[in-house]
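Asks: coordinates only, sequence not included:
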């Protein structure tokens with residue numbers, strides 16, 4: 001990963017600004033992270049954070065996409081547990097225009113009854129598109145309500161369409177006023193820019209937006225399950241049975257290194273050419289199982305506490321879920337990775353990280369979210385070092401920490417054909 005000095009400042013209205021120069025290519029990335037994700041939604045407005053992400057792209061004559069495309073760039077957005085981010089990559093000479101556009105919609109987005117109705121329909125199609133396919137909603141959002149009990153952590157952040165139909169203009173204006181204030185946001189600029197010139201544009205545009213209070217959201221922490229919790233659902237389009245395991249992970253703000261041990265564990269279990277779990281089941285049963293694992297509901301170091309480690313499996317009907325689970329438990333209980341396994345996992349992760357960070361959109365988003373979540377954009381540059389520090393003992397300890405009696409099990413049952 002390229003190393004460069006990162007400048008961090010806060011404007012008088014509370015807006016945090018992160019700027020990193022990188023003159024290796026004539027492009028610039030701009031991201032705005034707002035400290036509002038779907039965990040902060042009210043129970044009767046499930047999906048409002050996601051809907052509002054869509055509404056922020058509205059315009060009177062041209063929408064935001066059209067304006068960015070007209071200057072040779074692309075843009076997108078996402079809604080996660082603890083933030084909503086909007087990101088753009090453009091030719092470097094157009095960075096000032098993007099900053100102006102982002103400041104404009106932070107100041108006063110074009111929210112109308114017509115836009116709410118239109119974007120609610122778009123969100124509905126996204127929801128249906130996710131669930132109307134084989135293994136739709138697996139593992140997310142179906143796994144969250146198995147592991148968690150509190151609405152904030154358990155509900156579907158895509159949104160409940162029935163609830164969204166009742167969202168009003170006043171709901172949206174109030175949501176904007178409470179959560180889209182400068183003091184609840186981070187603006188990040190990376191790429192072929194001049195720090196002083198960019199900061200001047202940010203101060204001239206964002207700096208004029210009036211300060212507003214930031215809501216105190218508190219903690220989303222909840223106790224781990226006292227015993228394994230289980231659920232199942234029937235999938236009419238799934239050809240094979242499957243399951244997902246969910247386990248709580250340590251607080252990333254307090255112990256990011258623990259996430260690397262869990263990531264290395266995931267790689268040893270299911271990554272590479274000869275992953276341990278697949279090989280164990282092949283030896284024991286002669287069957288090939290499709291496994292996947294990840295740390296984080298969406299991405300690595302992507303949320304505040306609580307978050308989860310996820311393992312999914314799709315298996316032949318000739319094997320019961322219990323047989324596959326027994327193999328998983330046995331592997332976790334006995335696992336002691338070799339130095340060669342760890343070396344391969346470290347190399348794979350670090351190389352993937354460097355490739356990802358060479359992409360302007362990935363880079364600007366990571367720096368912005370690390371500032372928002374952890375107050376430390378420089379963490380992005382230290383990740384390879386943290387990865388390299390993971391030992392075999394760390395991975396073994398991580399495996400033993402995934403106790404079945406404190407996790408969640410979600411079973412997928414194919415619908416029997418008549």
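Replies: Received, thanks. This one's a predicted model, so the numbers in the text were calculated from it and none came from an experiment.
Asks: make it CA atoms for all contacts and neighbour counts henceforth
Replies: Noted.
Asks: how close does the closest residue to residue 221 other than its chain neighbours sit to residue 148?
Replies: Closest residue to residue 221 apart from its sequence neighbours, by Cα to Cα, 6 or more residues apart in numbering: residue 306 at 5.8 Å. Remark: distance between residue 306 and residue 148 (Cα to Cα, to the nearest Å) = 9 Å.
Asks: ok, those two, which is more surrounded?
Replies: residue 148 (24 against 21; other Cα atoms under 10 Å).
Asks: contacting residues for residue 143?
Replies: Neighbour list for residue 143: 244, 246, 408, 409, 410 [criterion: Cα atoms under 8 Å, 6 or more residues apart in numbering].
Asks: And the residue nearest the centre of this protein?
Replies: Centroid-nearest residue in the chain, with Cα atoms, centre = their mean: residue 298, separated by 3.7 Å.
Asks: so it, which of the three states?
Replies: Here residue 298 is recorded as coil under DSSP: H, G, I helix; E, B strand; the rest coil.
Asks: about what we covered before: kindly indicate which of the contacts of residue 143 lies nearest residue 280.
Replies: residue 244 (18.3 Å; Cα to Cα).
Asks: mind listing what the closest one touches?
Replies: So residue 244 contacts 138, 139, 143, 310, 311, 312, 313, 408, 409, 410, 411 (Cα under 8 Å, 6+ apart).
Asks: what are the ranges of the strands in the stretch 151-300 of the chain?
Replies: 185-191, 229-235, 242-248, 290-295 (DSSP state E, counting those that start in this stretch).
Asks: Tell me the buried residues in the third one?
Replies: This points to strand 242-248. 242, 243, 244, 245, 246, 247, 248 (16 or more other Cα atoms under 10 Å).
Asks: nearest to residue 368, of those?
Replies: residue 248 (24.6 Å).
Asks: Surely residue 309 forms part of a strand?
Replies: Yes: checked against three-state DSSP, residue 309 lies within a strand.
Asks: Run a quick neighbour tally on the nearest residue to it once chain neighbours are set aside.
Replies: Nearest residue to residue 309 in three dimensions, chain neighbours excluded: residue 295, at 4.5 Å (Cα to Cα, 6+ apart). Using other Cα under 10 Å, residue 295 has 26 neighbouring residues.
Asks: measure residue 295 to residue 333 for me?
Replies: 19 Å.
Asks: In contact with the closest residue to residue 249 other than its chain neighbours: list those residues for me.
Replies: Leaving aside its chain neighbours, residue 249 sits nearest to residue 308 (5.3 Å; criterion: Cα to Cα, 6+ apart). Counting by Cα under 8 Å, 6+ apart, residue 308 touches 246, 247, 248, 249, 295, 296, 297.
Asks: For residue 46, state which of those is nearest.
Replies: Proximity of the contacts of residue 308 to residue 46 (Cα to Cα) peaks at residue 297, which lies at 18.0 Å.
Asks: The closest one and residue 310 touch, don't they?
Replies: Yes: counting by Cα atoms under 8 Å, residue 310 is a contact partner of residue 297 at 7.5 Å.
Asks: Residue 383: what secondary structure?
Replies: helix.
Asks: how many neighbours does it have?
Replies: 17.
Asks: what's the helix or strand bottoming out on mean pLDDT in the chain packed up against?
Replies: Every helix and strand of the chain was ranked by mean pLDDT, DSSP states H and E. The lowest is helix 161-164, at a mean of 86. If you count contacts as 3 or more Cα pairs under 8 Å, 6 or more residues apart in numbering; DSSP states H and E, helix 161-164 packs onto helix 113-131.
Asks: Which elements pack onto the helix or strand following the helix it packs on?
Replies: Next helix or strand after helix 113-131 toward the C-terminus (DSSP states H and E): helix 144-147. Judged by 3+ Cα pairs under 8 Å, 6+ apart, the packing partners of helix 144-147 are helix 151-154, strand 229-235, strand 408-414.
Asks: Surely residue 224 is in contact with residue 248?
Replies: Yes: if you go by Cα under 8 Å, residue 224 and residue 248 touch, sitting 7.3 Å apart.
Asks: Overlap in contacts, the two.
Replies: residue 407.
Asks: okay if I get the contacts of residue 143 as JSON lines plus pLDDT and distance to residue 111?
Replies: Converted to JSON lines, the contacts of residue 143 look like this (pLDDT from 0 to 100; distance: Cα to Cα, whole Å):
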{"residue": "244", "pLDDT": "98", "distance to residue 111": "39"}
{"residue": "246", "pLDDT": "97", "distance to residue 111": "38"}
{"residue": "408", "pLDDT": "97", "distance to residue 111": "40"}
{"residue": "409", "pLDDT": "97", "distance to residue 111": "41"}
{"residue": "410", "pLDDT": "98", "distance to residue 111": "39"}
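Asks: Cheers, nothing more for now.
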